[in-house]
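In: need a structure here:
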Amino acid sequence: MTEHSFHPEALLEYAEATTYYLQEASPQIAGNFIAAVEAVIARIAVAPTRWRITDEPEIRRCVFERFPYVI
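Out: So this is what the prediction gives:
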């Protein structure tokens, strides 16, 4: 798998969302969220140009299936 990193603001949002799911839902839902993030990242790493450009400069968005997030 290709190495990746998060923009600091995205990393903060990821941590806040994980904490939210832990506190407001369950550890299982939080784990599912983390797994969904990792799965989306893996899909992007395999074919980064699969998603259409939605903004300039060449910004693409991959929408999560189960959670209200995009990468």
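
In: residues near the residue lying closest to residue 18 once chain neighbours are set aside, how many?
Out: Setting aside the residues directly before and after it, residue 18 is nearest to residue 30 in space (C-beta to C-beta, 6 or more residues apart in numbering), at 5.5 Å. Every residue, glycine included, has its C-beta placed from N, CA and C. Taking other C-beta atoms under 10 Å as the criterion, the count of residues near residue 30 is 18.

In: In this structure residue 30 contacts residue 16, no?
Out: No. With contact defined as C-beta atoms under 8 Å, residue 30 does not count as touching residue 16 (11.7 Å).

In: SS state for the residue nearest to residue 18?
Out: Using DSSP: H, G, I helix; E, B strand; the rest coil as the criterion, the local structure at residue 30 reads helix.

In: residues in contact with it?
Out: Contact analysis of residue 30 by C-beta atoms under 8 Å, 6 or more residues apart in numbering lists 18, 21, 22.

In: Can you tell me which of these are buried?
Out: Among the contacts of residue 30, those classed as buried by 16 or more other C-beta atoms under 10 Å are 18, 21.

In: how about the strands of this structure, start to end?
Out: In order along the chain, the chain carries the following strands (DSSP state E): 53-55, 59-60.

In: elements contacting the first one?
Out: Contact partners of strand 53-55 among helices and strands, from 3 or more C-beta pairs under 8 Å, 6 or more residues apart in numbering; DSSP states H and E: strand 59-60.

In: who does the strand it packs on pair up with?
Out: Using DSSP bridges, the neighbouring strands of strand 59-60 in the sheet come out as strand 53-55 (antiparallel).

In: Let's check: the centremost residue of the chain is which one?
Out: By C-alpha atoms, centre = their mean, the mean C-alpha position of the chain lies nearest to residue 37, the distance being 3.9 Å.

In: The closest residue to that one other than its chain neighbours: neighbour count?
Out: Using C-beta to C-beta, 6+ apart and skipping the chain neighbours, the partner closest in space to residue 37 is residue 14 (6.6 Å). Other residues within reach of residue 14, judged by other C-beta under 10 Å, total 16.
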